[in-house]
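Peer 1: Here is my input, please return the structure:
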Amino acid sequence: MSVIESTEQFAPAGSWTSDPVHSSVTFEVEYAGGATFTGAFRDFSAELSGGTLAGTAKVASVDVKDEQLNGHLQSPDFFDAARFPEITFRATELVKESDGSVRASGELTLKGVTKPVELTGRIGSPQTDPFGREKLGLTLQTTVDRNDYGISWNMPNQAGGGNYLGDDVTLVANLVFAKQA
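Peer 2: Numbers count the residues shown, from 1 in each chain. The predicted structure follows:
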């Protein structure tokens, strides 16, 4: 992995683990001719250590506020949770720009398919919370074409023509890391 700015400046030395209470991993996709559909993964983890960023989300934890749709998203039409229970990301390069923004190049594995992705976002400065724990905020996002990962289910949009579900999916990780002892 290449870290363009020193690891101490990008993220202080040590191991950092995502705080599940203060972090989220979400996705958005256009549907029905212009509305935005949003979902989240409730069971995920991320680690930042030695200049390496890696994360995993459990497909079974997908949550779209509708149990029937949660089940459909876990089926072979979408994530195929039985065969591919995890979504993973590993950064191969992290770059902190002079304006404080962050770029991450890496690999996303979804439904058994691994593709390179570019993410953008921001990183905060380490802070100490009211309980004396060191915390660090990192937000990254990217947009992928779901068809590239074998997720091609769709239906015709009855009202406006075209497809009901968009192809581009925006993935957003809002992560608060806690420094490990």
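
Peer 1: Flag every buried residue along the longest strand belonging to the chain.
Peer 2: If you go by DSSP state E, the chain has its longest strand at strand 165-179. Within strand 165-179, the residues that count as buried by 16 or more other CB atoms under 10 Å are 165-167, 169-179. Just so you know, the C-beta spots here come from the backbone N, C-alpha and C atoms, and that holds for glycine as well.

Peer 1: again with stretch 44-53
Peer 2: For stretch 44-53, the neighbour count (16+ other CB under 10 Å) marks 44, 46, 47, 48, 49, 51, 53 as buried.

Peer 1: Strands - which of these land there?
Peer 2: Per DSSP E, the buried residues of stretch 44-53 map to strands at 44, 46, 47, 48, 49, 53.

Peer 1: hey, where'd the helices end up in this structure?
Peer 2: 7-10, 67-74 (DSSP state H).

Peer 1: Mean confidence (pLDDT) on the last one, please.
Peer 2: Just to be clear, that refers to helix 67-74. The average pLDDT within helix 67-74 is 94.

Peer 1: before we move on, what about stretch 20-28?
Peer 2: On average, stretch 20-28 scores 97.

Peer 1: Just the C-alphas of that stretch, formatted as CSV.
Peer 2: Output of stretch 20-28 as CSV, limited to C-alpha atoms (Å, rounded to 0.1, in the frame of the first residue of the first chain):
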residue,chain,number,x,y,z
PRO,A,20,-20.4,0.8,15.3
VAL,A,21,-22.5,3.2,17.4
HIS,A,22,-21.2,6.3,15.7
SER,A,23,-20.5,4.9,12.2
SER,A,24,-22.6,3.9,9.2
VAL,A,25,-22.4,2.2,5.9
THR,A,26,-25.2,3.1,3.5
PHE,A,27,-26.1,2.9,-0.2
GLU,A,28,-28.4,4.9,-2.5
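
Peer 1: quick one: low-confidence parts of the chain?
Peer 2: 1-12 (pLDDT under 70).
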